[in-house]
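*Asks:* below is the sequence, then the predicted model.
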Amino acid sequence: MRKIVFIIVCIITFVSCESAIKLSGNETVKDLNILDNNVEGIAVQDGFEVYLTCKNEQNVKIFADEQIISSVKHETRNGIMYFYKDSGAEFPNSASVKIQIYTDSVSIIKSLNSTIYIVDTLKTDSLVLECFNLSLIKGEIECQKLDVITNSSTIYLTGSAGNAVMNVSGGSVVGVGKDNPQKLWNGINTVNSKLNISGGSIVNINIENELEIYARENSIMNYATAGVFRSVILDDDSEIILQK
């Protein structure tokens, strides 16, 4: 029996950071001068919405209702800045927390039940993306090394990566979008890729040189271009599909 995994992801039309974050009557702004060159990554949880703007400046602004903004916490551990809800704090269902981050030094992005938009092209030598529990990361990247770990989430990427290693599970989608596999040539382009796909997940990717893939549990890899299939293991009705 095929295992069917459903993920409901709210896809919001990509807009610029400046036009997306606007104050309502009950919202306020906390301007934090807290980033420095020692911060290598960001980690977000608790349903927050982040707009990462890749500029040569270091700044963070938090937008939230004035009654909850003091419960939006942040701290830096081991070079990663964490944003989260204060323990025991209760946010109204209508509450919204948006965080605007300006930095050009991010190489690690972690999302737990949150949404992260990369507003400008994120250029870095090495990039790690971790995305869990119905999270969304969306944007354009340029890097030499890409590591992706995701479960029950969506990562919509365009741009290029040199060597990509992806562990994709729990019905996740990585690429340009499961509804638009015919647009793969506008998606993520890699030189070499090593993929481990499971749980009915979908990866949409282009490979210039070599591919190693292990796909199981009704998972799918869509591609428009590919080099050498160095190692291919497909179990449980999994597929590799050429999109023309």
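*Replies:* Perfect, thanks for sending it. Everything numeric in this text was worked out from a predicted model, so none of it was measured.
*Asks:* can you get me a residue count around the nearest residue to Gln144 once chain neighbours are set aside?
*Replies:* Using Cβ to Cβ, 6 or more residues apart in numbering and skipping residues adjacent in sequence, the residue nearest Gln144 is Gly162, 4.1 Å away. The C-beta positions use only the backbone N, C-alpha and C, and glycine is treated the same way. For Gly162, the count of nearby residues is 18 (other Cβ atoms under 10 Å).
*Asks:* give the contact list for Gly162.
*Replies:* Applying Cβ atoms under 8 Å, 6 or more residues apart in numbering to Gly162 gives the contacts Cys143, Gln144, Lys145, Leu146, Thr190, Val191, Asn192.
*Asks:* next one: Glu142
*Replies:* Glu142 touches Thr121, Leu122, Lys123, Thr124, Gly159, Ser160, Ala161, counting by Cβ under 8 Å, 6+ apart.
*Asks:* Ala161 too?
*Replies:* Counted by Cβ under 8 Å, 6+ apart, Ala161 has contacts Leu127, Ile141, Glu142, Cys143, Gln144, Lys145, Leu146, Ile188, Asn189, Thr190, Val191.
*Asks:* closest one of the residues you listed to Ser70?
*Replies:* Leu127 (32.6 Å; Cβ to Cβ).
*Asks:* quick one: that closest one from Lys55, how far?
*Replies:* Leu127 is 17 Å from Lys55, where distance means Cβ to Cβ, to the nearest Å.
*Asks:* the two: who's more crowded?
*Replies:* Per other Cβ under 10 Å, whichever of Leu127 and Lys55 has more neighbours is Leu127, with 23 against 13.
*Asks:* right, and Asn218 touches Leu234 too?
*Replies:* No. Counting by Cβ atoms under 8 Å, Asn218 sits too far from Leu234 to count as a contact (10.4 Å).
*Asks:* returning to that earlier point: could the contacts of Gly162 go into a markdown table alongside secondary structure?
*Replies:* Below are the contacts of Gly162 laid out as a markdown table (DSSP: H, G, I helix; E, B strand; the rest coil):
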| residue | secondary structure |
| --- | --- |
| Cys143 | strand |
| Gln144 | strand |
| Lys145 | strand |
| Leu146 | strand |
| Thr190 | strand |
| Val191 | strand |
| Asn192 | strand |
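*Asks:* most surrounded residue in the contacts of Ala161?
*Replies:* Counting neighbours by other Cβ under 10 Å, the top entry in the contacts of Ala161 is Ile188, with 27 neighbours.
*Asks:* and the nearest residue to that one once chain neighbours are set aside, what is it in contact with?
*Replies:* Spatial nearest neighbour of Ile188, excluding adjacent residues (Cβ to Cβ, 6+ apart): Leu157 at 4.3 Å. Neighbouring residues of Leu157 by Cβ under 8 Å, 6+ apart: Ile137, Lys138, Gly139, Glu140, Ile141, Val174, Gly175, Val176, Gly187, Ile188.
*Asks:* brilliant, that's me finished.
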